[in-house]
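Peer 1: Sharing a sequence plus its predicted fold:
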There are 2 protein chains.
Amino acid sequence: MEGVTIKLKKQPKIIGSYAIVGPKEGQGNFGTYFDYVMKNDFFGEDTFEKAERKMMENAIVGVIQKAKLQTSDIDLLISGDLLNQIISSSYAARAFKIPFLGVYGACSTMAESIAVASILVDAGFCKNVVCCTGSHFSTAERQYRFPLELGNQRPPTSQWTVTGAGSSVISLEGEGPKVTEITFGRVIDWGINDVNNMGGAMAPAARDTMLRHFKNTKTKPEDYDLILTGDLGKLGSEILIDLMEDEGIKLGTNYGDCGQMYFKRKQQTLCGASGAGCCATVFNSYIMKKLKEQQYKKILFMPTGALLSTTSTQQGDTIPCTCHAIVIEA
Amino acid sequence: MEGVTIKLKKQPKIIGSYAIVGPKEGQGNFGTYFDYVMKNDFFGEDTFEKAERKMMENAIVGVIQKAKLQTSDIDLLISGDLLNQIISSSYAARAFKIPFLGVYGACSTMAESIAVASILVDAGFCKNVVCCTGSHFSTAERQYRFPLELGNQRPPTSQWTVTGAGSSVISLEGEGPKVTEITFGRVIDWGINDVNNMGGAMAPAARDTMLRHFKNTKTKPEDYDLILTGDLGKLGSEILIDLMEDEGIKLGTNYGDCGQMYFKRKQQTLCGASGAGCCATVFNSYIMKKLKEQQYKKILFMPTGALLSTTSTQQGDTIPCTCHAIVIEA
């Protein structure tokens, strides 16, 4: 058994999307597409953790407004983030009187949120569901790696955690691209234990989900206008291309990776962007715009996640990874 | 908008349940009902974290066997735990080749897992889904409070995190109690910041969900053979009784709390049991047996969760809590 691909019957629509980012992200390749660029990473708060929470609250308010709904129209909030016990999401949920489901899939959390929301809406159990995911460079660095104050040198394989939050509203009413298929990821671990090589760790998980998705749906890369992985970055996406070639599948110019494309070369992020906010902000700005303009008719969105924790590093263990695939059609 | 109560159409069944616990839990009030009692908290591993992971793997294998299925019959694993980045769940998922959804609701995670699984099965998207949740006293203490080696005195309001894991298989095929209704919880925070008073922090969340559930379903306490909260403990469940009385609703002898009932008085756990493994092991042993024997015909299962984190404590913030309600009928 390799896991089913879910085919949604009523095909729920993404009727609203919103992306808020930090200043560095605003200067990146998608800068002009974001809804809001913060002046600095503190966002008027006294800690980065509080800024992360405020970003997520902002993304929830913003997307409800953009979908032309009221908070009272929302049946459920599905959210997750990278901080221990997804605390930014819980605090954001506290600010609204909306029932809340906490989910965790590291940087793949946006896919998990959209998938669960689409299933709930498709089955008729909820009318409007808000999905929100975010990350903050400065909170992630000090939680997963080193405090910024130490000034540690970043190795060439490292990626830059995006400071940003993205959100979507899923509904059967209204206009927007449709969620049509979902393939949930398995946990794949090929033995990488370097917390500064997320791309290398996650590429095998993307390979596993991509192979299963193509097999289950009898599709091939050419059937999609865009195949977009989450945050494999420069190295990870090259590894994925190689791994797929080994399986006889050629990923062409319609393949891209949010992490690889996020920043400009001169921004010195080495292997590119990562973090739960990476694909969340790219998808909910640039990609949604291109889908609405029908420039993309059918995309395969594949956020990847490295499910590591300092707790696992302390156990001397390697990095388990996952990747969920969602088909979205204009 | 106060959130809908979901009424499942096909009413998925819980066709298998399994509970594994530590030795202290085995000596508690539900001792004879558990499937497996470990000889010690290490479970043959060299760290408590590895023991927690092994417990969860064990619970997944055990429940698949008890449901008379093969691993290949399982479409999805939904799991969460208390460790940072739900790492025990991710590692347990790595051991199986089953697609995986990570969820987080602290000690309410069992409810979230069963709810999402039931929705997926009810809508026809999955055939068999395994839900698994667990916690370990020694990993939780050192992550959330103090290392055990310090020998800190436990205040009277403290509860004892259960060392144990519980699992269920949800399916439309086979025999078992049915999941009929779900009310997702909101995040409620009345300002408690004492990590040794989880019951006091969570009682208002249980109140909120209970009030909304009764209102949405037009039911009252007498309509259920059992109303079972998760881990409010001795103090928290008394607070809930008072809070509900203030709303004109009297919780009678059909109300109980897993945390309050778990340990014997002489086991000196002060306010009782807590942890994601608390209601998970009680539900998947004693409660499932009573449902199968028709001693309970209709129960309201309400796992509670304190969504705290050391990250939130460092922000000087209070404890956000939640509670999901599930109606299960024999």
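Peer 2: Done, it's in. Note that this is a predicted model, so its numbers are computed, not measured.
Peer 1: roughly how far apart are residue A:248 and residue A:278?
Peer 2: Note on residue A:248: its distance to residue A:278, by Cβ to Cβ, to the nearest Å, is 29 Å. C-beta here means a position set from N, CA and C on the backbone, and glycine is covered the same way.
Peer 1: out of these two, which sits in the more crowded spot?
Peer 2: Set side by side, residue A:248 and residue A:278 show unequal neighbour counts under other Cβ atoms under 10 Å in any protein chain shown, the larger going to residue A:278 at 32 against 6.
Peer 1: in which helix or strand would I find that one?
Peer 2: In this assignment (DSSP states H and E), residue A:278 forms part of helix A:276-282.
Peer 1: any residues touching that helix, and which ones?
Peer 2: Among residues not part of helix A:276-282, those counted as contacts by Cβ atoms under 8 Å, 6 or more residues apart in numbering or on different chains are A:19-21, A:25, A:30, A:34, A:80-82, A:106-107, A:109-111, A:132-136, A:161-167, A:228, A:230-231, A:258-259, A:261-262, A:301, A:303.
Peer 1: Intersect these with the contacts of chain B.
Peer 2: A:80, A:82, A:106 (Cβ under 8 Å from any Cβ of the partner chain).
Peer 1: Filter the contacts of helix A:276-282 down to just the ones in strands.
Peer 2: In this view, the contacts of helix A:276-282 that belong to strands under DSSP state E are A:19-21, A:80-81, A:132-135, A:161, A:164-167, A:228, A:301.
Peer 1: who wins for most neighbours among the residues you listed?
Peer 2: Of all those, the most densely surrounded is residue A:133 (39 neighbours; neighbours counted as other Cβ under 10 Å).
Peer 1: Now do that residue, the pLDDT please.
Peer 2: What the model reports for residue A:133 is a pLDDT of 98.
Peer 1: Check the one 10 residues further on too.
Peer 2: As predicted, residue A:143 sits at a pLDDT of 93.
Peer 1: what does the helix or strand where it lies contact?
Peer 2: Here residue A:143, judged by DSSP H and E, is contained in helix A:137-144. Outside of helix A:137-144, the residues within contact range by Cβ under 8 Å, 6+ apart are A:22, A:24, A:41, A:48-49, A:52, A:82-84, A:147-148, A:160-163, A:195, A:275, A:308, A:310, B:311.
Peer 1: run the last query once more with 7 Å
Peer 2: Here helix A:137-144 makes contact (Cβ atoms under 7 Å, 6 or more residues apart in numbering or on different chains) with A:41, A:48-49, A:52, A:82-84, A:148, A:160-161, A:163, A:195, A:275, A:310.
Peer 1: Which of these are buried, as a PyMOL select command?
Peer 2: Selection of buried members from these for PyMOL, criterion 16 or more other Cβ atoms under 10 Å in any protein chain shown:
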select buried, chain A and resi 41+48+49+52+82+83+84+160+161+163+195+275
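Peer 1: any chance of the contacts of helix A:137-144 in a markdown table, with distance to residue B:217 and pLDDT too?
Peer 2: Formatted as a markdown table, the entries for those read as follows, by distance: Cβ to Cβ, whole Å; pLDDT from 0 to 100:
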| residue | distance to residue B:217 | pLDDT |
| --- | --- | --- |
| A:41 | 46 | 97 |
| A:48 | 43 | 96 |
| A:49 | 38 | 96 |
| A:52 | 37 | 97 |
| A:82 | 37 | 96 |
| A:83 | 35 | 95 |
| A:84 | 35 | 95 |
| A:148 | 50 | 91 |
| A:160 | 48 | 96 |
| A:161 | 43 | 97 |
| A:163 | 43 | 98 |
| A:195 | 47 | 89 |
| A:275 | 41 | 96 |
| A:310 | 43 | 89 |
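Peer 1: hang on, the earlier thing: pull the distance from the helix holding residue A:143 to the chain's centre.
Peer 2: How far helix A:137-144 lies from its chain's middle: 17 Å, per Cα atoms, centre = their mean, to the nearest Å.
Peer 1: In that helix, which residues are buried?
Peer 2: By 16+ other Cβ under 10 Å, the buried positions in helix A:137-144 come out as A:137, A:138, A:139, A:140, A:141, A:142, A:143, A:144.
Peer 1: And stretch A:34-47, by the same measure?
Peer 2: Within stretch A:34-47, the residues scored as buried using 16+ other Cβ under 10 Å are A:34, A:35, A:36, A:37, A:38, A:41, A:43.
Peer 1: What parts of the stretch 51-200 of chain A come near chain B?
Peer 2: Contact residues, the stretch 51-200 of chain A versus chain B (Cβ under 7 Å from any Cβ of the partner chain): A:72-76, A:83-87, A:90-91, A:93-94, A:97-105, A:112, A:116, A:119-120, A:122-123, A:125-126, A:184-187, A:189.
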